[in-house]
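Asker: one predicted model, sequence on top.
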Amino acid sequence: MIKQERVGYILKRLGELYPRPPIPLDHADAFTLLVAVLLSAQCTDVRVNQVTPALFQLGRTPAALAAAPLEKIEAIVRPCGLGPQKAKAIKMLSGMLLAEHQGQVPASLEALERLPGVGHKTAQVVMAQAFGVPSFPVDTHIHRLAQRWVLTTGKSVLQTERDLKRLFPEESWNRLHLQIIYYGREHCTARGCDGTVCEICRTCFPERQKSLRTRRA
């Protein structure tokens, strides 16, 4: 199957499997989404969703978390890993939102990336899911599947992002990045699929199965 055929099939099949993929991080607005995505770095979404209720009870606005004691924030977010760094980033970005953005999360990729603890992927998630701006955040699942499906040869997530944006229509980006994440978690896992097991891999790369059978013969 040539690349453009694969792109079409992937879009169609993921659309069938996940027509309305939910955002996996519990949140109420742009600020709580920003904080949740920050906490999800090197942590599972399930764990973040277990931690954020207590954090947002402590404060669910920039003003409240900027005023909260750092040690209380750290005690709550510690189960997410990197507790001291994440707690400091949450408190500092809350203060910066108050000082520079009238307490609002800016709908600007550049402004978001200037906030403490907010990298390119986090900023893209917020742009896509809080503001509906076409973005293609690339996490480890997307990077792995894009390579497995030969949609990119990029060694970095930034190159993978550029390649995927070039291949897929812009209007699909926000939905597609969630669809790939869910598919990578549920079907094309790092250990459960070697490029020959899941439905998309079997359909798009039948030659891999033939090669595997030949090696086993």
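Answerer: All right, it came through fine. Residues are numbered from 1 along each chain as shown.

Asker: any figure for the gap between residue 66 and residue 82?
Answerer: Residue 66 sits at a distance of 20 Å from residue 82 (criterion: Cβ to Cβ, to the nearest Å). Any C-beta I mention is one placed from the backbone N, CA and C, and that applies to glycine too.

Asker: neighbour count for these two, which is higher?
Answerer: For residue 66 versus residue 82, the count of surrounding residues by other Cβ atoms under 10 Å is larger for residue 66: 19 against 16.

Asker: for the strand or helix carrying that one, buried residues please.
Answerer: Residue 66 is part of helix 62-67 when elements are defined by DSSP states H and E. Going by neighbour count (16 or more other Cβ atoms under 10 Å), the buried part of helix 62-67 is 62, 65-66.

Asker: separation between residue 96 and residue 19?
Answerer: Computed as Cβ to Cβ, the residue 96 to residue 19 distance reads 38 Å.

Asker: who's more crowded, these two?
Answerer: Using other Cβ under 10 Å, the more surrounded residue of residue 96 and residue 19 is residue 96, with 17 against 9.

Asker: so for the lengthiest helix in the chain, what's the average pLDDT?
Answerer: Taking residue count as the measure and DSSP state H as the definition, the longest helix of the chain comes out as helix 83-101. The average of the pLDDT scores along helix 83-101 is 98.

Asker: cool, and stretch 13-23?
Answerer: Throughout stretch 13-23, pLDDT has a mean value of 97.

Asker: send the alpha carbons of stretch 2-18 over as PDB?
Answerer: Extracted as PDB, the C-alpha positions of stretch 2-18 are listed here (Å, rounded to 0.1, in the frame of the first residue of the first chain):
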ATOM      1  CA  ILE A   2       1.500   3.300  -1.000                       C
ATOM      2  CA  LYS A   3       1.800   6.100   1.500                       C
ATOM      3  CA  GLN A   4      -1.200   8.200   0.300                       C
ATOM      4  CA  GLU A   5      -3.400   5.100   0.400                       C
ATOM      5  CA  ARG A   6      -2.200   4.400   3.900                       C
ATOM      6  CA  VAL A   7      -3.000   8.000   5.000                       C
ATOM      7  CA  GLY A   8      -6.500   7.600   3.600                       C
ATOM      8  CA  TYR A   9      -7.000   4.200   5.300                       C
ATOM      9  CA  ILE A  10      -5.700   5.400   8.600                       C
ATOM     10  CA  LEU A  11      -8.000   8.500   8.600                       C
ATOM     11  CA  LYS A  12     -11.000   6.300   7.700                       C
ATOM     12  CA  ARG A  13     -10.400   3.500  10.200                       C
ATOM     13  CA  LEU A  14      -9.500   5.800  13.100                       C
ATOM     14  CA  GLY A  15     -12.600   7.800  12.300                       C
ATOM     15  CA  GLU A  16     -14.700   4.700  12.600                       C
ATOM     16  CA  LEU A  17     -13.000   3.500  15.800                       C
ATOM     17  CA  TYR A  18     -13.000   6.900  17.500                       C
END
